[in-house]
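Asker: Pasting the sequence and the predicted coordinates here, then a few questions.
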Amino acid sequence: EAGVVQSPRYKIIEKKQPVAFWCNPISGHNTLYWYLQNLGQGPELLIRYENEEAVDDSQLPKDRFSAERLKGVDSTLKIQPAELGDSAVYLCASSLGLAGEVDTQYFGPGTRLTVL
Amino acid sequence: KQEVTQIPAALSVPEGENLVLNCSFTDSAIYNLQWFRQDPGKGLTSLLLIQSSQREQTSGRLNASLDKSSGRSTLYIAASQPGDSATYLCAVSPTNDYKLSFGAGTTVTVRA
């Protein structure tokens, strides 16, 4: 079974340019997460979807970041405009969405963004 | 806010030595604690999950313990191998919540 797929794996852009990351979760997983991982740190949650609904976007910097999961399957995270401080790895994860049970998250390989 | 700390930040050992990785957290009201492995350029792989009612979990050469009262977890890797070289992160989730709070990780190098 395929795992969480992310593309691109690497992206280099100039500051002030827009950038988008794509994630395809494991088939059948209702919950999707986007995390930000800075160098030498653990991942931090940006946004969580249950099907197509963003149920927690409290940590998403909404002035420049946006995300969508239109059909409740794959998702796109966008930054516009990018800043130097946005250089990081963006991780996508998915889970079955089991209420009241341990709901294991499965992570994709991430997209490494470098903003010059 | 839950704070998760992992010490040391990096560790280098010769092959065959046992590894001991530490994780501490500030809020003992946790739902579960997980240990993940992250290889360079790759995502996170879950190694062990300890629910709050449990004290330890074992998988092969890996054993993780949880002491909620002291806010600590320890990951033991027996008879280390070069293939164990990676960054190990611990994460806790609060009671009945999906959110994971991660530590910064311990980067392990096992020398052949």
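Answerer: Okay, I see it.

Asker: And for residue 108, nearest residue in space, chain neighbours not counted?
Answerer: Picking chain A for this. Distances taken as Cβ to Cβ, 6 or more residues apart in numbering or on different chains put A:Val4 closest to A:Gly108, at 3.5 Å, once the chain neighbours are dropped. C-betas here are computed from N, CA, C, even on glycine.

Asker: hmm, I had chain B in mind actually
Answerer: B:Leu11 (5.1 Å).

Asker: show me where the chain has strands.
Answerer: I'll assume chain A. Remark: strands assigned in chain A by DSSP state E are A:5-7, A:10-13, A:19-24, A:31-37, A:44-50, A:53-56, A:65-68, A:75-79, A:88-95, A:106-107, A:111-115.

Asker: That was the other one, I meant chain B.
Answerer: Using DSSP E, strands in chain B cover B:4-7, B:10-14, B:19-25, B:30-38, B:44-51, B:56-59, B:62-67, B:72-77, B:86-94, B:101-102, B:106-111.

Asker: Dump those strands into CSV; add distance to A:Pro25 and mean neighbour count as well.
Answerer: Formatted as CSV, the strands of chain B follow (distance: least, Cβ to Cβ, whole Å; neighbours: other Cβ atoms under 10 Å in any protein chain shown):
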stretch, distance to A:Pro25, mean neighbour count
strand B:4-7, 25, 18
strand B:10-14, 32, 13
strand B:19-25, 27, 19
strand B:30-38, 18, 22
strand B:44-51, 15, 18
strand B:56-59, 25, 14
strand B:62-67, 27, 18
strand B:72-77, 27, 20
strand B:86-94, 19, 23
strand B:101-102, 20, 22
strand B:106-111, 28, 17
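
Asker: Can you lay out those as a markdown table showing distance to A:Val89 and mean pLDDT?
Answerer: Shown next, in a markdown table, are the strands of chain B (distance: least, Cβ to Cβ, whole Å; pLDDT from 0 to 100):
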| stretch | distance to A:Val89 | mean pLDDT |
| --- | --- | --- |
| strand B:4-7 | 18 | 95 |
| strand B:10-14 | 19 | 96 |
| strand B:19-25 | 21 | 96 |
| strand B:30-38 | 10 | 91 |
| strand B:44-51 | 11 | 92 |
| strand B:56-59 | 26 | 95 |
| strand B:62-67 | 25 | 96 |
| strand B:72-77 | 22 | 96 |
| strand B:86-94 | 12 | 93 |
| strand B:101-102 | 13 | 94 |
| strand B:106-111 | 15 | 97 |
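
Asker: Sounds good, over and out.
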